[in-house]
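J.: Turn this into a model:
(one chain, ligands or ions: 2)
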Amino acid sequence: MFNQPLGGNEMPRFGGPGTMMRLPAADSAAGLDACFVGIPMDIGTSLRAGTRFGPRQIRAESLLIRPYNMYTRAAPFDSINVADIGDVPINTFDLKDSVERITRFYDALLCHDTIPLTLGGDHTLTYPVLRAIARKHGPVALVHVDAHADINEHMFGEAIAHGTPFRRAFEDGLLDAERVFQIGLRGTGYTAEDFDTAREWGFTVVQAEEIWMQSLTPLAQRIVDVVGERPVYLSFDIDSLDPSFAPGTGTPEIAGLTPPQALQLIRGLRGLNLVGCDLVEVSPPYDMAGTTALTAANLLYEMLCILPGVQTR
Ligand code: MN
Ligand code: MN
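T.: Ligands and ions are numbered 1, 2, ... in the order given. Coordinates of the predicted model:
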């Protein structure tokens, strides 16, 4: 018997533990096939902050999520052992030290045979997570869903910030560049060539305009075909979604993806050898109706539903 979320008929949903989906809390990833981890950090943001409150709010909004996926019929808690292992103790006064702390935390975490599902936190965190992931699995394929490419050379002269993680990851050889997909990019750039740099590195860039009002199921199938059996990481920036659905984020861009498109994309990635996932950039102070954190919680559940070993009913 695997860990189960506390059911709504055992304890009212507004009560019980404050963990992701009211799952058991664990001190380590020992014995867990997958684990939820929070990184309460916003010191890498460049405009509006607040993502330090992201993990707590995503957990709060996750309390309504029930165990079974009623469309894909995924039954994650019948298939794999999952728990919430709490938050990474970052140093909120020092971003560079926080990156080292996150790297060490994930290095230790990945000593266990577990798949981390990370609740962010600003997008800086994906860089140290990928360092640990690549140390274990080698360079990984990447599905990066975002309004932004996050491949700036520097921000205010700083190499580490929430706009630079994928340039640093590329430079460090953490990525299988021919199998990197950046999806949903849009808006305005520092230069007209901003997205071309990624394409020159071998990344596949799918701008939002190319997929407006389209099903993302065919794109997901294309990714599955290209990635095959290789280890792959999924990094989902909530600002990929349109700000009408996800206003609670630091750098919103109009005309983004819809929640149904996010579901089509994630569900379509089932079968991939996912070695880690994150959901970043939820900023509760700007989340007026709570819809951003609610969406984030559900997208993390959908990621759980496509992990290797999860069966359908
Ligand atoms: Mn981002
Ligand atoms: Mn973004």
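
J.: Around ligand 1, pick out the residues from the stretch 1-150 of the chain.
T.: By Cβ under 5 Å from the ion, the part of the stretch 1-150 of the chain that sits against ligand 1 consists of His123, Asp146, Asp150. Where C-beta positions appear, they are placed from N, C-alpha and C, glycine not excepted.

J.: near ligand 2, which residues of this structure?
T.: Among all residues of the chain, those adjacent to ligand 2 (criterion: Cβ under 5 Å from the ion) are Asp146, Ala147, His148, Asp237, Asp239.

J.: top of these by neighbour count?
T.: Counting neighbours by other Cβ atoms under 10 Å, the top entry in those is Asp239, with 30 neighbours.

J.: Quick check, that residue in contact with Thr249.
T.: Yes - with contact defined as Cβ atoms under 8 Å, Asp239 reaches Thr249; the gap is 4.5 Å.

J.: Give the full set of residues in contact with the residue nearest to Gly309 when sequence neighbours are not counted.
T.: Using Cβ to Cβ, 6 or more residues apart in numbering and skipping the chain neighbours, the partner closest in space to Gly309 is Ile80 (5.0 Å). The contact partners of Ile80, taken as Cβ atoms under 8 Å, 6 or more residues apart in numbering, are Phe2, Asp33, Ala34, Leu307, Gly309, Val310.

J.: Show me the residues you listed that map onto strands.
T.: Assigned to strands by DSSP state E, the following of the contacts of Ile80 qualify: Ala34.

J.: Of the contacts of Ile80, just the buried ones, ChimeraX syntax please.
T.: In ChimeraX, the members of the contacts of Ile80 classed as buried (16 or more other Cβ atoms under 10 Å) are selected with the following command:
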select :33,34,307,310
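
J.: how about the strands of the stretch 1-150 of the chain, start to end?
T.: In the stretch 1-150 of the chain, strands defined by DSSP state E, counting those that start in this stretch lie at 34-39, 82-87, 115-120, 140-145, listed in chain order.

J.: For these, could you give me TSV that also reports mean pLDDT?
T.: Conversion of the strands of the stretch 1-150 of the chain to TSV gives the following (pLDDT from 0 to 100):
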stretch	mean pLDDT
strand 34-39	99
strand 82-87	98
strand 115-120	99
strand 140-145	99
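
J.: right, and these - which one's nearest Ser215?
T.: Smallest distance to Ser215 across these (Cβ to Cβ): 15.2 Å, for strand 140-145.

J.: The most centrally placed residue in the chain sits in which helix or strand?
T.: Closest to where the C-alpha atoms of the chain average out (Cα atoms, centre = their mean) is Asp278, at 2.0 Å. Using DSSP states H and E, Asp278 sits within strand 273-280.

J.: Could you list the residues of the stretch 151-300 of the chain in contact with ligand 1?
T.: On the criterion Cβ under 5 Å from the ion, ligand 1 has as its neighbours in the stretch 151-300 of the chain the residues Asp237.

J.: Repeat the analysis, applying 8 Å as the threshold.
T.: Of all the residues in the stretch 151-300 of the chain, those in contact range of ligand 1 (Cβ under 8 Å from the ion) are His162, Gly163, Pro165, Ser235, Asp237, Asp239, Thr251, Val280, Glu281.

J.: Please name the nearest non-neighbouring residue to the third one.
T.: The spatial neighbour of Pro165 that comes closest, neighbours along the chain excluded (Cβ to Cβ, 6+ apart), is Tyr127 at 3.9 Å.

J.: would you turn the contacts of Ile80 into a markdown table with distance to Leu263?
T.: As requested, the contacts of Ile80 are exported to a markdown table (distance: Cβ to Cβ, whole Å):
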| residue | distance to Leu263 |
| --- | --- |
| Phe2 | 24 |
| Asp33 | 23 |
| Ala34 | 19 |
| Leu307 | 16 |
| Gly309 | 21 |
| Val310 | 16 |
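
J.: farthest pair in the contacts of Ile80?
T.: Put simply, by Cβ to Cβ the two of the contacts of Ile80 set farthest apart are Phe2 and Leu307, 12.8 Å from each other.

J.: Go ahead and confirm Met41 touches Phe53.
T.: No - in this structure, Met41 sits apart from Phe53 without contact. The criterion is Cβ under 8 Å, and the distance is 10.4 Å.

J.: The two - which one has more neighbours?
T.: Regarding Met41 and Phe53, a neighbour count based on other Cβ under 10 Å identifies Met41 as having more, with 30 against 20.

J.: Can you give me every residue that contacts the residue nearest to Val129 when sequence neighbours are not counted?
T.: Of all residues beyond its chain neighbours, the one nearest Val129 is Tyr106 (5.4 Å), with distances taken as Cβ to Cβ, 6+ apart. Residues in contact with Tyr106, defined by Cβ under 8 Å, 6+ apart, are Pro116, Pro128, Val129, Arg131, Ala132, Ile133.
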